[in-house]
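1. Quick one: sequence plus predicted model below, questions after.
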Amino acid sequence: NAKFTDCVREINELHGDVTQYLESRGGRPEPDHLPKLVVFHTAVMRNKRCLLAYIKYRMRQIEKLRWTSGGATLSPALQPDLHKQEIDFFTEYSALVNQYMTDVGLDLTADVN
């Protein structure tokens with residue numbers, strides 16, 4: 001996703017700017033530059049929170065796919081929309097669910113009616 005990559009790039013740039021500034025001043029920023037550093041830090045933290053929320057949302061959607069599809073395989077139609085790590089997550093999550101159902105002896109995907 002281009003927006004995700006752009007956000008990561010912005011985080012890295014902001015972090016690099018702050019690090020470079022602090023290193024150039026021996027770790028002691030000018031007092032009148034402190035507000036700027038706080039703004040940079042706040043922007044980095046906000047972007048990280050947004051990315052983590054997005055990742056968590058995607059994980060929950062992938063977990064839902066496992067339960068709504070009723071199977072351990074991901075539909076080939078969905079695979080182009082997922083990143084390789086998301087496909088790996090689905091596969092590993094599905095394997096854990098299957099192992100749990102085997103260990104417990106209960107099919108959690110069966111209709112309860």
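-> Thanks, I have the structure now.
2. From the contact counts, what lies against the helix ranked longest in the chain?
-> In the chain, with assignment by DSSP state H, the single longest helix is helix 34-69. With contacts taken as 3 or more Cβ pairs under 8 Å, 6 or more residues apart in numbering; DSSP states H and E, helix 34-69 sits against helix 2-24, helix 84-104. C-betas here are computed from N, CA, C, even on glycine.
3. what about the shortest one, distance to the chain center?
-> On the basis of Cα atoms, centre = their mean, to the nearest Å, helix 84-104 sits 18 Å off its chain's mean C-alpha point.
4. And the longest one, by the same measure?
-> Relative to the chain's own centre, helix 2-24 is displaced by 18 Å; criterion: Cα atoms, centre = their mean.
5. Pull out the buried positions in it.
-> 7, 11, 14, 18 (16 or more other Cβ atoms under 10 Å).
6. for the last one, same thing?
-> Applying a neighbour-count criterion of 16+ other Cβ under 10 Å, the buried positions in helix 84-104 are 86, 89-90, 93-94, 97.
7. ok, residues contacting that helix?
-> 58-59, 62-63, 65-66, 72-74, 79, 82, 107-109 (Cβ atoms under 8 Å, 6 or more residues apart in numbering).
8. Same list, those, but as JSON lines with pLDDT please.
-> Output for those, formatted as JSON lines (pLDDT from 0 to 100):
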{"residue": "58", "pLDDT": "95"}
{"residue": "59", "pLDDT": "96"}
{"residue": "62", "pLDDT": "94"}
{"residue": "63", "pLDDT": "94"}
{"residue": "65", "pLDDT": "90"}
{"residue": "66", "pLDDT": "90"}
{"residue": "72", "pLDDT": "75"}
{"residue": "73", "pLDDT": "84"}
{"residue": "74", "pLDDT": "86"}
{"residue": "79", "pLDDT": "88"}
{"residue": "82", "pLDDT": "92"}
{"residue": "107", "pLDDT": "85"}
{"residue": "108", "pLDDT": "83"}
{"residue": "109", "pLDDT": "79"}
